[in-house]
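# All I have is the shape, not the residue letters:
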């Protein structure tokens, strides 16, 4: 594999993600709009999860999914955009 699109598809599959639709889908939230609330210098935590929970990973995943869905990062069909930096 030489890299590029094939390498990204391979990495996605290893992460158990399925590439759906065309390579470029226009009706999704633009990556900059999705990242803005997270990387803003003034961003404040929305949720705090105690680190002594016995099911910490499950709780982190549930809160991430809830916030992502609430903010339009994940569509009703479960599809979301992965922004890959670089070429």
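Right, received. Where do you want to start? Quick caveat, the model's predicted, so the values are computed rather than measured. Numbering: from 1, shown residues only.

# use CA for all of it now, contacts and neighbours both
OK.

# in the chain, what spans have low per-residue confidence?
Residues of the chain meeting the criterion pLDDT under 70: 1-3, 21-29, 38, 81, 83-87.

# hey, which helix is longest across the chain?
helix 56-70 (DSSP state H).

# in it, what counts as buried?
Buried residues in helix 56-70, counting neighbours by 16 or more other CA atoms under 10 Å, are found at 60, 63.

# what distance separates that helix from the middle of the whole chain?
The chain centre lies 11 Å from the centre of helix 56-70; the measure is CA atoms, centre = their mean, to the nearest Å.

# Against which helices or strands is that helix packed?
With contacts defined as 3 or more CA pairs under 8 Å, 6 or more residues apart in numbering; DSSP states H and E, helix 56-70 has no helix or strand neighbours.

# Can you tell me what sits against that helix?
47, 49, 50, 74, 75, 76 (CA atoms under 8 Å, 6 or more residues apart in numbering).

# Switch these over to CSV, and while doing so, append secondary structure and neighbour count to every line.
As requested, these are exported to CSV (DSSP: H, G, I helix; E, B strand; the rest coil; neighbours: other CA atoms under 10 Å):
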residue, secondary structure, neighbour count
47, coil, 10
49, coil, 11
50, coil, 10
74, strand, 18
75, coil, 15
76, coil, 9
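
# Turn the residues you listed into TSV, columns for distance to residue 8.
Below are those laid out as TSV (distance: CA to CA, whole Å):
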residue	distance to residue 8
47	31
49	31
50	34
74	20
75	21
76	24
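
# what's the closest of those residues to residue 15?
Nearest to residue 15 among the contacts of helix 56-70, counting by CA to CA, is residue 74 at 16.9 Å.

# If you drop the residues flanking it in sequence, what lies closest to the closest one?
residue 80 (4.8 Å; CA to CA, 6 or more residues apart in numbering).

# unless I'm mixing things up, that neighbour is touching residue 34, no?
No - counting by CA atoms under 8 Å, residue 80 stays clear of residue 34, with 10.5 Å between them.
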